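J.: What follows is a predicted structure for the sequence shown.
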Amino acid sequence: MQLHANVQAVQDVLDRADARDGSGEPVRVRILPEAVHTAAAAAGVLGIEVGQIANSLIFNADGAPLLVLTSGAHRVDVPRLAVVLGLTALKRATPEFVREHTGQPIGGVAPIGHPGAVRTLVDTALDEYTEVWAAGGVPQAVFPTTYAELLRLTAGTPAEVA
């Protein structure tokens, strides 16, 4: 089966990094029967806790992209995060801004596979789970990983985001 270009870009990063899931197996992007646009929907389809979903949220941080990977059980405390990061303005990005910086649509933004580097924060709450799931570049693609792998793959910074 031919993978969507976004999904292939994500799989290529996973392969080059020799990414492993919670059981030590090589990570493979999985295509779900239908798109899942929310953490709750993804958790329901996968049969896992909503907190195990690593939501990829893109923000406009003083004009630069900021990716916040947050547990599906959390909401980002945007005002607090802006202060902690020393930003003048931190706001949810427009769909156009998201696509410009990730090459991926809202609802399917993966933590990896972007055309360029994106500063990334990884919610420390995800470390509570032996396995977490992230989007794979389109709304019906996901992949299993671990908190440690998310940090490694994204060169992300651990952060309390809620």
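T.: Yes, it's here. Numbering: from 1, shown residues only.

J.: what's near enough to touch the closest residue to residue 125 other than its chain neighbours?
T.: Closest residue to residue 125 apart from its sequence neighbours, by C-beta to C-beta, 6 or more residues apart in numbering: residue 71 at 4.2 Å. Just so you know, the C-beta spots here come from the backbone N, C-alpha and C atoms, and that holds for glycine as well. Residue 71 is in contact with 51, 52, 53, 54, 55, 123, 125, 126, 162, counting by C-beta atoms under 8 Å, 6 or more residues apart in numbering.

J.: Same question for residue 108.
T.: 6, 35, 135, 136, 137, 138, 139, 140, 141.

J.: And the residues you listed, which two are furthest apart?
T.: 6 and 35 (13.0 Å; C-beta to C-beta).

J.: Show me which of the two is the more surrounded one.
T.: It is residue 6, of residue 6 and residue 35, that has more neighbours when counted by other C-beta atoms under 10 Å, with 23 against 14.

J.: Is it correct that the more buried one falls within a strand?
T.: No - counting by DSSP: H, G, I helix; E, B strand; the rest coil, residue 6 is located in no strand; its state is helix.

J.: Just the endpoints, please. Distance across stretch 9-24?
T.: 22 Å (C-alpha to C-alpha, to the nearest Å).

J.: now stretch 28-43
T.: Stretch 28-43 has an end-to-end distance of 18 Å (C-alpha to C-alpha).
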